[in-house]
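Visitor: The sequence and its predicted three-dimensional model are supplied below.
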Amino acid sequence: MILYILKKLLQSIITLFIVLTIVFFLLRLMPEEGYFGENYEKLDEIQKETILTGMGLKDPIHIQLINFYRGLLKGDLGKSITYRPDVDVVSILKAKIPYSLKSGLAALTFSLAAGIPLGITMALNKDKIWDRIGTGYIVFISAVPSAVYYLFIQLYVSDVFKLPILFNVDNIRSWILPVISMSLAGIASYAMWMRRYMVDELNKDYVKLARAKGLKSRSIMIHHVLRNAFVPMAQYLPSAILFTISGSIYIESLYSIPGMGGLLVDVIQRQDNALVQAIVLIYSSIGILGLFIGDILMFILDPRIKIQRGGTR
Amino acid sequence: MNSKIEKLSSNINKELFEFANNKGKQEKLYEHLYYSYWTSTTYAFTKNKIALFSLCFLISLMTFTIIQPYLPNQKSPTQIFIDQYTGMQLRNHKPDSEFYFGTNSIGQDLWARIWSGTRTSLLIGLLVGLWQSSVGIIVGALWGYVKALEKIITVIYNILDNIPNTIILVLLTYIMDPSISTLIFAMCISGWLPMARFVRNQIVIIRDREYNLASRTLGTPTHRIITRNLLPYLVSVIMLRLALAIPGAIGSEVFLTYIGLGLPIDIPSLGNIINEGRIVMMVESLRYQLIFPATILSLITISFYIVGNAFADAADPKNHV
């Protein structure tokens, strides 16, 4: 077990290293105009050279790479270049992450709390009216691009319930629309998954046995089926929780939440290399970490699963 | 000896070896013997009325988007119309018999733009969807079945999966001009990853079942096991993914346009038109500019979704009678 964890950890670090190096080189492939924004036309050659040297972009590329990793080892992610010049990357991220984390966690909780009961109700009333309504909802949410229904929620739901359409930290009512919009897709996917799982599971022998023993359906649901359902879910939940910090691009720009949502796209377009590197580092680490925790959790929860050596998993 | 055998054969009751004449009632008894996979699939699909309706809708919509420019009285999607009384651009003209869906904020005909945009979006969706599925299936099948490739593909997958798409997109728009082919190319680069992962997981589940083990023991070559034993088993789930990849690609075009990495504004696409509509949506009387393209887009994606799901259900032999 410990050997497995160590091996996995080493693999993850190597993957992370390769990803960061590739991203590093990709960023250096971008044209130099990008670093100046609108001022590009106004500057003469010498000024441009000076600015680029000041950013450390005129060093040979392998020196830049070594410098980057040296800083990383010391826990120094560098300073922002163009997004907010000379501000520490860590402090920029520190200000933004809490917004995304809070709204993301609220949305995740809401989608679990609404999606799982919806899925259970649908499975228990299979082919009846509730199942049909639920299926209609799932089809709609999965098929229509989120950009479209987010816009209509902001347009019409805010009118009907008199909710504010712009985000404000102190006003709890302004949290409602963004959080609900963010959780709609989650509700649909949890409900769909839960329904499929329950329908499959209700025909299995252990459920029939439990029923034959005279247990109530309710307690079969809670003690047997739901408990089992949590095992495959445990694999995805850590990633889902960790990825709430990345925020939602649409929602955050629609409701002007100052979170992480559009930050990556924004800083890539502005070619703020230090910030891009930092964000890629965070996202890749949480991606890898999430899968890793998921594996371990599954191993703990389900004694039947054995972590095998080698590839077959 | 010989005489005995002759005697035996001469004793055979010839009536037992005649062809049975199973006309009428008895035919039903043997129906299951004439099982054909695709006939049963089509039959199961046509029983789903909603899916059949969606399929007809999709086909007629596609035909209409193709023939629409050749119909009489159609306007150019990029021409800016001038008001003949004021000499100004015919901005935000309400829908009427001349401009069926009205005009947009610079005086272009929304009806023509929407159909032209639908053509673009469907083209993107079909090409990207097909590419994603074919590459995804090939890589996924090799990844799941060929043990020698497993480790190396896993490493490549982990790396590609962690490089933000936006970086690749921004770089590509620098290297190539922003156009439909650039966008399709950009969406193809990493779009096959989820499909490959999905196919791989499915194959890992079934690769060690007894029938595959038997095949392997009998010396069936790998490519034959993959194409004959594994992939036919996955037809229904792969079809579902393929059908969902098309609305997915249309949706991501909308998304890319939203974050400013989509098509240039002079090429109408559903993403561009919705984005134009979004800008004016806070004015209540101009909301039609958002509602029309959004409705068309939703109808298309929902139809693809329903047809895909129904076809996947129909293609699953478990649902055949």
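Guide: That came in fine, so what should we check first? Residues are numbered from 1 along each chain as shown, chains lettered A, B, ... in the order given.
Visitor: Could you pull out the buried residues of stretch B:218-236?
Guide: The neighbour-count check on stretch B:218-236 (16 or more other CB atoms under 10 Å in any protein chain shown) flags B:225-226, B:229-231, B:233-236 as buried. From N, CA and C alone the C-beta is placed, and that goes for glycine too.
Visitor: closest to chain A among the residues you listed?
Guide: B:Ser236 (14.2 Å; CB to the nearest CB).
Visitor: what's the weakest-modelled helix or strand in the chain?
Guide: Using chain A here. helix A:45-54 (a mean of 76; mean pLDDT, DSSP states H and E).
Visitor: um, chain B though
Guide: Lowest by mean pLDDT, DSSP H and E among the helices and strands of chain B is helix B:25-29, with a mean of 57.
Visitor: which helices and strands sit right next to the helix or strand following that one?
Guide: As assigned by DSSP states H and E, the chain's next helix or strand after helix B:25-29 is helix B:37-46. If contacts are counted by 3 or more CB pairs under 8 Å, 6 or more residues apart in numbering or on different chains; DSSP states H and E, helix B:37-46 sits against helix B:49-67, helix B:288-315.
Visitor: Nearest to chain A, out of these?
Guide: helix B:288-315 (3.7 Å).
Visitor: buried residues in the closest one?
Guide: B:288-294, B:296-315.
Visitor: any bit of that helix sitting next to chain A?
Guide: Yes: judged by CB under 8 Å from any CB of the partner chain, helix B:288-315 and chain A are in contact via B:290, B:294, B:297-298, B:301-302, B:304-306, B:309.
Visitor: Only alpha carbons, please: show the least confident helix or strand of chain A as CSV.
Guide: The C-alpha trace of helix A:45-54 is given here as CSV (Å, rounded to 0.1, in the frame of the first residue of the first chain):
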residue,chain,number,x,y,z
GLU,A,45,12.9,49.2,-30.3
ILE,A,46,15.2,50.1,-27.4
GLN,A,47,12.3,50.6,-25.0
LYS,A,48,10.9,47.2,-26.0
GLU,A,49,14.3,45.6,-25.5
THR,A,50,14.6,47.1,-22.0
ILE,A,51,11.1,46.0,-21.0
LEU,A,52,11.7,42.5,-22.2
THR,A,53,15.0,42.3,-20.4
GLY,A,54,13.4,43.6,-17.3
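Visitor: Next, the buried residues of stretch B:273-293.
Guide: Buried residues in stretch B:273-293 (16+ other CB under 10 Å): B:273-278, B:280-281, B:286-293.
Visitor: SS state for B:Met281?
Guide: coil (DSSP: H, G, I helix; E, B strand; the rest coil).
Visitor: who touches it in this structure?
Guide: Residues near B:Met281 by CB atoms under 8 Å, 6 or more residues apart in numbering or on different chains: A:151, A:155, B:287, B:289-290.
Visitor: same thing but 10 Å
Guide: A:151-152, A:154-155, B:274, B:287, B:289-291, B:294 (CB atoms under 10 Å, 6 or more residues apart in numbering or on different chains).
Visitor: re the thing from before, now the residues of helix B:288-315 next to chain A as TSV including pLDDT?
Guide: What follows is the residues of helix B:288-315 next to chain A, written out as TSV (pLDDT from 0 to 100):
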residue	pLDDT
B:Leu290	85
B:Ala294	88
B:Leu297	88
B:Ser298	89
B:Thr301	89
B:Ile302	90
B:Phe304	89
B:Tyr305	87
B:Ile306	88
B:Asn309	85
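Visitor: start to end distance for stretch A:71-89?
Guide: 12 Å (CA to CA, to the nearest Å).
Visitor: again with stretch B:104-111
Guide: 10 Å.
Visitor: Let me know whether it sits next to chain A.
Guide: No: figure legend: stretch B:104-111 not in contact with chain A (CB under 10 Å from any CB of the partner chain); closest approach 16.3 Å.
Visitor: What mean pLDDT does that stretch get?
Guide: In this model, stretch B:104-111 carries a mean pLDDT of 79.
Visitor: tell me the domain boundaries of chain A?
Guide: Taking automatic domain parsing as the reference, chain A has its domains at A:2-73, A:95-305.
Visitor: picking that back up, quick check, distance from the least confident helix or strand of chain A to the centre of its chain.
Guide: 38 Å (CA atoms, centre = their mean, to the nearest Å).
Visitor: Quick one: residues in contact with that helix.
Guide: A:32-33, A:35-36, A:39-40, A:43, A:57-59, A:81.
Visitor: Widest-spaced pair of the residues you listed?
Guide: Using CB to CB, these span at most 22.6 Å, a distance reached by A:Asn39 and A:Asp59.
Visitor: shouldn't A:Tyr137 be in contact with A:Ala188?
Guide: Yes: the criterion here is CB atoms under 10 Å, and A:Tyr137 meets it with A:Ala188 at 6.5 Å.
Visitor: When the two are compared, which one has more neighbours?
Guide: A:Ala188 (21 against 17; other CB atoms under 10 Å in any protein chain shown).
Visitor: which bits of the stretch 1-150 of chain A sit near chain B?
Guide: Counting by CB under 10 Å from any CB, the stretch 1-150 of chain A sits next to chain B at A:11-12, A:14-16, A:18-23, A:26-27, A:29-31, A:33-34, A:135, A:138-140, A:142-150.
Visitor: Show the buried residues in the residues you listed.
Guide: Here, 16+ other CB under 10 Å leaves A:11-12, A:15-16, A:18-20, A:22-23, A:26-27, A:30, A:34, A:135, A:138-140, A:142-150 buried among the residues of the stretch 1-150 of chain A next to chain B.
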